[in-house]
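Q: One predicted model, sequence on top.
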Amino acid sequence: MSELLIDVGNSAAKWALSEDLNVKSQRHSGSFSELAEVLWGATKDDPAVWIASVRDEQSDQALVLELQAVGFSKIHLCGTALREDGLLNSYAEPARMGADRWFAMLGARVSKPGPLLVIDVGSAVTCDLVAADGRHLGGYIFPGPALMEAALQSSTRMVRYSDTLKPTVDPGQSTAACVASGISVAMLGAIRQVCDQYPDHQVIFTGGGAPELNAVGLVGEWRPDLVLEGLLRRALGTQVAFAT
């Protein structure tokens, strides 16, 4: 039996119809109504739908309504847990942790034993540390490439350009090139600082911006569907406990 998995990010959604525990995602950047039509057309029946979202409650409910409108009847909005599949949340209020971070950590632990550093490069960059026994040790959040660029463009008078930025760590010889280099160096520097503090933690990275960072120096294992892999664990009925 297949499960429909949806990872809703800030700027786009990824989805996969799991077959024999395999996850191979597709990306969608259109509206929720368009996404619902695409998903209904891709399924052979009415599978259970499992959603991990970083949007607000109003947005999540809008997605649920669109999915119901095309015919889906078994829809699960999946939040962060206190404890699940051996992973223990460090937050005093576990539900306040982003679902993407939680499910990325769950996905990472499926095939990687030992201490982990789980990195997700999206609108924001998140770095989460997991001990070998499954304890979440804490994490870091900082702006992703697009947010860094937008901050420079909106908060300064002289940083102006129309060029498309290409990640690099070489010194720039134009404003655009300097910004591209600065963003790459800033992100890699932050990540390397964490890696230096926790040298025994294996690095697993995911997110739309991760391949470009990897090309300029991010070292680790690339898992593009990490959040969906973790979401599949929930769908398969892992032991989960929520804070009361």
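A: Looks like it came in fine. Residues are numbered from 1 along each chain as shown.
Q: Out of the helices and strands in the chain, which is least certain?
A: Here the helix or strand of the chain ranked lowest by mean pLDDT, DSSP states H and E is strand 240-241, holding a mean of 82.
Q: and that one, what other elements does it pack with?
A: strand 83-84 (3 or more C-beta pairs under 8 Å, 6 or more residues apart in numbering; DSSP states H and E). (C-beta placed from N, C-alpha, C; glycine too.)
Q: Partner strands of the strand it packs on and their direction?
A: strand 87-88 (antiparallel), strand 240-241 (antiparallel) (DSSP bridges).
Q: Can you say which of these is packed in most?
A: Among these, strand 87-88 has the highest mean neighbour count (mean count of other C-beta atoms under 10 Å), at a mean of 20.
Q: Contacts made by that one with the rest, please.
A: Contact partners of strand 87-88, identified using C-beta atoms under 8 Å, 6 or more residues apart in numbering, comprise Leu82, Trp102, Met105, Leu106, Arg109, Val130, Gly134, Arg135, His136.
Q: just curious, which of these is nearest to Glu3?
A: Top of the list for closeness to Glu3, among the contacts of strand 87-88 and by C-beta to C-beta, is Leu106 at 14.6 Å.
Q: So the closest one, which state does it fall into?
A: When classified by DSSP: H, G, I helix; E, B strand; the rest coil, Leu106 comes out as helix.
Q: Apart from its neighbours in sequence, what residue is nearest it?
A: Gly230 (3.3 Å; C-beta to C-beta, 6 or more residues apart in numbering).
Q: Next, the contact list for that neighbour, please.
A: Gly230 touches Ala52, Trp102, Phe103, Ala104, Met105, Leu106, Gly107, Ala108, Val110, counting by C-beta under 8 Å, 6+ apart.
Q: Same check on His76?
A: Ala48, Val49, Trp50, Ile51, Arg234, Ala235.
Q: tell me which of the contacts of Gly230 is nearest to Val219?
A: Using C-beta to C-beta, the contacts of Gly230 come closest to Val219 at Ala108, 15.7 Å.
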